[in-house]
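> dropping the sequence and predicted coords here.
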Amino acid sequence: MGRTYRLRKKRRLASPRSTCYRIGKNSNEIDEFTSLSLWMSREGWKPTCKIVPAMFPDTGRGFVARKKIECDDVIVKIPGHLLITVKTVSDSRIGRLFNDKKPFTAQQVISAFLMWQKHEGENAFWYSYIASLPNTSLSPVNLVEEELQLLPEFLARPIRAAKENITELHLDLINSLDDSDVCTNCNLPFSEIFSLDNFMWAWSMVNSRAVYISPERHSDHLINLSDENTLAMAPYLDMFNHSCNAKVQAYIDAKDDSYQIRTCNSYLKNQQVFINYGSHSNLKLFLEYGFIIPGNHNDGIPITYDNIISGVANYFPCFKMYSDVLNKRYKFLKNHEMLNNLNVHADGLSWNTKVAIYILTSPEDVHPRAMQQKVFSGSFEARDIEIISNVGLYVVESKIVEYERILQNFNDRGEKHYSENACLKMARDLLKEYLKVLDSCRASLNL
Ligand SMILES: C[S@@+](CC[C@H](N)C(=O)[O-])C[C@H]1O[C@@H](n2cnc3c(N)ncnc32)[C@H](O)[C@@H]1O
């Protein structure tokens, strides 16, 4: 096996040849994709490679390769005028609701546009795109308070905050309307077209599907924004699923103002083709997109300074919790920003966790400069590594007990709910993933 072959093999994404089914192949299936691609073709879009939408058992709707795709191929190219941006809204018939008014967020503006286009139905220019969007999302913001109470606090807290934010953005949008703001086709007030339910749907679509554009692009609009103009909805492109292992380059080609994605992986015929939404942990994917990835290498379980102190106290029974030395060491860690990113990963403790354990367990007579030198050069001695691993092991084992309790509690209270609610089931799967990460970290510290 030559070097070139090995390199090519490595770059190929390890997704299995799919047991997916092609969308539009079943006679009774309404093929939104065909009408989307026909409409886009009429608007000047051309496919750049042989991919078709398909349903996958583990990731849902995505794209499958119908022919081999090579590294460096452009897998999608969307003409600039088929992106929905703040400028699209400003130039549209509902631009008057926003132009030269108080500031709105880009997400508020684009969400309002999606709701309006959905309301316009077949009359809408973007009808085929709107019809291609899912009617529901698995975003946890759809959980009601009774369901949120089943979740551990570290999951329920950010979801409540996101729900509050959406409610405020919605209220803000409604309050900006006046009685004369009605649909010019049917006279329905915009306050009804922009109902909270519709807003939740549109907000989730933008949150989970929008791509990033640089703020200076599509910037000649009349809407006063309270945040950066960096969001665009990209029809067709937003059907690609995410893989942590996918490598892509996404960019606007200034020559023809198109949004393009080039893959840095290769795919065999019948493999799912992925893009990468960013180096997101499962917590972020769950909260923002409503899915998680088994074995996500971006996962880190947060630990606290107090967790580490308990670990040190367990290892050194004579350790004094409130000594002057400890206070100084705490200040040292804080001043050097070494108390951020205290995490446990599948392959071991984060660097700052190791450093915190080392600093807190160094003998009293070690000069701060000597500790600093060791930390910055990363040259721990065998004895330091042994202490870090032993204290780390205690911290990780305590976390395992904590998360087993959380999972058990969730199972006891939520059993009948998560069989019916996919989002609660996902929360339970996330807790199980955390336990797998902790187990794997324990194994690596035991080596
Ligand atoms: C940009 S869309 C991708 C296309 C989407 N599957 C569809 O049917 O239109 C993002 C959404 O797809 C789903 N998704 C993306 N990647 C996934 C993955 N690896 N596993 C499970 N769901 C995924 C999630 O529901 C996410 O909110």
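Arrived safely.
> can we go C-alpha only for contacts and neighbour counts from here?
Fine.
> which secondary structure element is home to Y251?
Secondary structure from DSSP states H and E places Y251 in strand 248-253.
> how far is that strand from where the chain is centred?
19 Å (C-alpha atoms, centre = their mean, to the nearest Å).
> outside of that strand, which residues touch it?
I213, S258, Y259, Q260, I261, R262, T263, C264, N265, I275, N276 (C-alpha atoms under 8 Å, 6 or more residues apart in numbering).
> let's go with 7 Å and repeat that
With C-alpha atoms under 7 Å, 6 or more residues apart in numbering as the test, strand 248-253 has contacts from S258, Y259, Q260, I261, R262, T263, C264, I275, N276.
> could those residues go into JSON lines alongside pLDDT, neighbour count and distance to the ligand?
Below are these laid out as JSON lines (pLDDT from 0 to 100; neighbours: other C-alpha atoms under 10 Å; distance: C-alpha to the nearest ligand atom, whole Å):
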{"residue": "S258", "pLDDT": "96", "neighbour count": "19", "distance to the ligand": "18"}
{"residue": "Y259", "pLDDT": "97", "neighbour count": "21", "distance to the ligand": "15"}
{"residue": "Q260", "pLDDT": "98", "neighbour count": "20", "distance to the ligand": "15"}
{"residue": "I261", "pLDDT": "98", "neighbour count": "20", "distance to the ligand": "14"}
{"residue": "R262", "pLDDT": "98", "neighbour count": "18", "distance to the ligand": "16"}
{"residue": "T263", "pLDDT": "98", "neighbour count": "24", "distance to the ligand": "16"}
{"residue": "C264", "pLDDT": "98", "neighbour count": "18", "distance to the ligand": "18"}
{"residue": "I275", "pLDDT": "98", "neighbour count": "25", "distance to the ligand": "9"}
{"residue": "N276", "pLDDT": "98", "neighbour count": "18", "distance to the ligand": "9"}
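> show me those that map onto strands.
Counting by DSSP state E, these place S258, Y259, Q260, I261, R262, T263, I275 in strands.
> can you tell me the closest non-neighbouring residue to K163?
Spatial nearest neighbour of K163, excluding adjacent residues (C-alpha to C-alpha, 6 or more residues apart in numbering): V141 at 5.6 Å.
> Three-state assignment for that neighbour, please.
Of the three states, V141 takes helix under DSSP: H, G, I helix; E, B strand; the rest coil.
> which residues sit in contact with it?
I159, A162, K163.
> could you grab the helix/strand/coil label for the last one?
This means K163. Here K163 takes the helix state, with states given by three-state DSSP.
> and if you look at the one 5 residues further on?
Three-state assignment for E168 (three-state DSSP): helix.
> CA atoms of stretch 357-365 as CSV?
Listed next in CSV are the C-alpha coordinates belonging to stretch 357-365 (Å, rounded to 0.1, in the frame of the first residue of the first chain):
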residue,chain,number,x,y,z
ILE,A,357,-3.8,20.1,40.3
TYR,A,358,-0.1,20.6,39.9
ILE,A,359,-0.1,24.1,41.4
LEU,A,360,-2.4,23.2,44.3
THR,A,361,-0.4,20.1,45.2
SER,A,362,3.1,21.6,44.9
PRO,A,363,5.0,21.7,48.3
GLU,A,364,4.7,25.0,50.2
ASP,A,365,8.3,26.0,49.6
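> please point out which parts of it sit buried.
Across stretch 357-365, burial judged by 16 or more other C-alpha atoms under 10 Å covers I357, Y358, I359, L360, T361.
> in JSON lines, list these along with distance to the ligand, secondary structure and pLDDT.
JSON lines is the format used below for these (distance: C-alpha to the nearest ligand atom, whole Å; DSSP: H, G, I helix; E, B strand; the rest coil; pLDDT from 0 to 100):
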{"residue": "I357", "distance to the ligand": "36", "secondary structure": "helix", "pLDDT": "96"}
{"residue": "Y358", "distance to the ligand": "38", "secondary structure": "helix", "pLDDT": "94"}
{"residue": "I359", "distance to the ligand": "40", "secondary structure": "helix", "pLDDT": "93"}
{"residue": "L360", "distance to the ligand": "40", "secondary structure": "helix", "pLDDT": "93"}
{"residue": "T361", "distance to the ligand": "42", "secondary structure": "helix", "pLDDT": "91"}
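> the ligand contacts on the protein?
Residues of the chain found near the ligand (C-alpha under 6 Å from any ligand atom) are 59-62, 208-209, 238-243, 289-291.
> in the stretch 251-400 of the chain, what residue is nearest the ligand?
Y289 (3.9 Å; C-alpha to the nearest ligand atom).
> ok, the closest residue to L148 other than its chain neighbours to N409 distance?
Nearest in space to L148, with sequence neighbours left out and distances taken as C-alpha to C-alpha, 6+ apart, is A156 at 5.6 Å. Separation of A156 from N409 (C-alpha to C-alpha, to the nearest Å): 14 Å.
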